[in-house]
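**Q** sequence plus predicted model, see below.
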Amino acid sequence: MKHLFILVIMFSLFNKNQAQTNTVKSIYDIAINGLDGKPINLSDYKGKHILFVNVASECGFTGQYEDLQKLYNTYKNNLMIVGVPCNQFGGQEPGTASDIQTFCQANYGVTFQMTEKIDVKGSNQHPLYHWLTNKDLNGTSSSTVKWNFQKYLVDENGQLVDYFFSVTNPMSGKITRNLNL
């Protein structure tokens, strides 16, 4: 009887997790907060491309903030950039939300959207990155976030277009040609 009870609980938990995963049909359904702690409504960006980038202040790729801001300034009528702080790669984003905000504005004049610090991989992976990295959810491809400044481009209809490793500069034609502008 004890084993039956355990199986029923495990089945219930599995179904609960499946139901939660299945409720996220669109990138626009995912909840995430900004650095200020206020909710970001991703559906506000319907009709625009969205470039999601996991960022870090103490990384060899941190200088890409400059080109991310340049990309945003150039295409902001049709593109939103969402910087997603993450401390999972070499502990290169150790700061608080306030530290991150100050660093980005003081050093790179960042005006694009920045989220709360999250996990982009592993057992505590945020639902945003679960969607971005899972073909069953995004309908395009599965991937693994390899390092800071990996980029995911979503089109104006909320469909994943492609992802780009850290070495791809934000102003690269690999990204800009996908903007259809």
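**A** Right, received. Where do you want to start?

**Q** measure the closest residue in space to Ser43 that isn't next to it in sequence to Pro39 for me?
**A** The spatial neighbour of Ser43 that comes closest, neighbours along the chain excluded (CB to CB, 6 or more residues apart in numbering), is Tyr28 at 4.0 Å. Heads up, the C-betas are built off the backbone N, CA and C, glycines and all. As for Tyr28, its distance to Pro39 is 13 Å (criterion: CB to CB, to the nearest Å).

**Q** thinking again about what came up before, hang on, the residue nearest to Ser43 is in a helix, isn't it?
**A** Yes - following the definition DSSP: H, G, I helix; E, B strand; the rest coil, Tyr28 is counted among the residues of a helix.

**Q** most centrally placed residue in the chain?
**A** With the centre of the chain defined as its mean C-alpha position, the nearest residue by CA atoms, centre = their mean is Phe52, 4.4 Å away.

**Q** so, low pLDDT: which residues of this protein?
**A** For the chain, the stretches flagged by pLDDT under 70 are 1-24, 181.

**Q** would you map the strands across it?
**A** 31-33, 39-41, 49-55, 79-85, 113-114, 151-154, 160-164 (DSSP state E).

**Q** got CSV for these, with distance to Leu179 too?
**A** Putting those into CSV (distance: least, CB to CB, whole Å) gives the following:
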stretch, distance to Leu179
strand 31-33, 23
strand 39-41, 21
strand 49-55, 6
strand 79-85, 6
strand 113-114, 17
strand 151-154, 8
strand 160-164, 9
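
**Q** quick one, which of those strands is nearest to Val145?
**A** For Val145, the closest of those is strand 49-55, at 6.1 Å, according to CB to CB.

**Q** got the contact list for the residue nearest to the centre of the chain?
**A** Contacts were defined as CB atoms under 8 Å, 6 or more residues apart in numbering; by that measure Phe52 touches Val82, Val84, Leu128, Leu132, Lys151, Tyr152, Leu153, Val154.

**Q** now with 6 Å?
**A** Phe52 makes contact with Val82, Val84, Tyr152, according to CB atoms under 6 Å, 6 or more residues apart in numbering.

**Q** between the strands of the chain, which one is closest to Gly122.
**A** Between Gly122 and those, the tightest spacing by CB to CB is seen for strand 49-55, at 12.7 Å.
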